[in-house]
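Participant: attaching a predicted model along with its sequence, questions to come.
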Amino acid sequence: LYTQPHQQDASAILLTDTYNPETRQELSVHMKFIQNLLDILSMLPFLYKNVKHVSPDSTEVCLDAETAHPKLIISHQGDRATYTNTWQQLEDQPGRFDTTLNVISLQSFSFGRHYWEIDVTGKTYWELGVTYPTISRKGTTEDCWLGRGDESWCVEFFDGEYTAWHGGVPHQLPFTKRFCRIGVICSFPAGLVTFLEADKMAPLFSFCAGTFSDCLHLALCPGHDHNGTNANPIVICNAPSPTSDL
């Protein structure tokens, strides 16, 4: 994520190179890295408390089948989405995705702190994150894809690589291990969306949104089956939201 800059006199950078386009671009990259690092560090007190501890009033989520692409099978419990090659004859609801293989949660959230775990065991392609209800759902516009517009934030795993997306901007992540569970933390007070490797509660990437302008839904994309190599479902583990404060 970060390359140490060449050693040089800092005052020389500030006084003589400030208006150099290459220097400004390099400083911008470094500042973005530092900001993301600070965002993640601000989460550490929350992450390393017992986030798996279940509280009696924990909130669970289930998938809204009426938003699911016709090639997704949603379980009766609403906890998993499975790709099928068959286009199901479903009612064309206004909220149904008709191009991208997405489905969002029935519940939406507009305050507080929320944590979910998603099981992606055995999958070679997936996308998951959070979205405003205003995400585009019809047609071929890129905004229908998670993270490609300003309405959603996601992490994608494809072709052995992890990428964090928001506003159409990709952030390549330096991980090669195929993770089994991904944690998603959404904090309205902090304005953060953070993705974790859930087994070790290790941060993968954090978006600082500042203030969310609408309610948020959990959003999943299990991807195509890729000739059987990605046939496993994507599953919400219904991990309750932690009680720790940010």
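Facilitator: That came through fine. Fair warning: this is a prediction, and the values are worked out from it, not measured in the lab.
Participant: only C-alpha atoms for contact and neighbour calcs from this point on.
Facilitator: OK.
Participant: strands along the chain, start to end?
Facilitator: For the chain, the strands defined by DSSP state E cover 72-74, 80-83, 103-104, 113-119, 125-131, 152-158, 161-166, 169-173, 181-187, 192-197, 202-208, 217-221, 234-236.
Participant: so which of those is the most packed in?
Facilitator: Greatest average neighbour count among the strands of the chain goes to strand 103-104 (a mean of 28), per mean count of other C-alpha atoms under 10 Å.
Participant: residue 155 touches residue 129, doesn't it?
Facilitator: Yes - counting by C-alpha atoms under 8 Å, residue 155 does reach residue 129; the two are 6.4 Å apart.
Participant: low-confidence stretches in this structure?
Facilitator: 1-30, 32-59, 238-246 (pLDDT under 70).
Participant: show me where it has helices.
Facilitator: Remark: helices assigned in the chain by DSSP state H are 10-16, 21-47.
Participant: just to revisit the earlier point, any chance of JSON lines for the strands of the chain, columns distance to residue 141?
Facilitator: Listed next are these as JSON lines, based on distance: least, C-alpha to C-alpha, whole Å:
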{"stretch": "strand 72-74", "distance to residue 141": "20"}
{"stretch": "strand 80-83", "distance to residue 141": "21"}
{"stretch": "strand 103-104", "distance to residue 141": "17"}
{"stretch": "strand 113-119", "distance to residue 141": "26"}
{"stretch": "strand 125-131", "distance to residue 141": "16"}
{"stretch": "strand 152-158", "distance to residue 141": "14"}
{"stretch": "strand 161-166", "distance to residue 141": "15"}
{"stretch": "strand 169-173", "distance to residue 141": "15"}
{"stretch": "strand 181-187", "distance to residue 141": "26"}
{"stretch": "strand 192-197", "distance to residue 141": "24"}
{"stretch": "strand 202-208", "distance to residue 141": "23"}
{"stretch": "strand 217-221", "distance to residue 141": "16"}
{"stretch": "strand 234-236", "distance to residue 141": "24"}
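Participant: identify the residue nearest residue 184 in space, chain neighbours excluded?
Facilitator: residue 195 (4.8 Å; C-alpha to C-alpha, 6 or more residues apart in numbering).
Participant: show me the beta-bridge partners of the one you found.
Facilitator: residue 184, residue 205 (DSSP bridges).
Participant: who touches residue 105 in this structure?
Facilitator: By C-alpha atoms under 8 Å, 6 or more residues apart in numbering, the contact list for residue 105 reads 61, 62, 63, 64, 217, 218, 219.
Participant: returning to what we had before: nearest to residue 90, of the strands of the chain?
Facilitator: Between residue 90 and the strands of the chain, the shortest gap by C-alpha to C-alpha is with strand 72-74, which sits at 10.8 Å.
Participant: helices or strands up against the closest one?
Facilitator: Strand 72-74 sits against strand 80-83, with contacts defined as 3 or more C-alpha pairs under 8 Å, 6 or more residues apart in numbering; DSSP states H and E.
Participant: what comes into contact with the strand it packs on?
Facilitator: With C-alpha under 8 Å, 6+ apart, strand 80-83 has contacts from 63, 71-75, 103, 222-225, 231-236.
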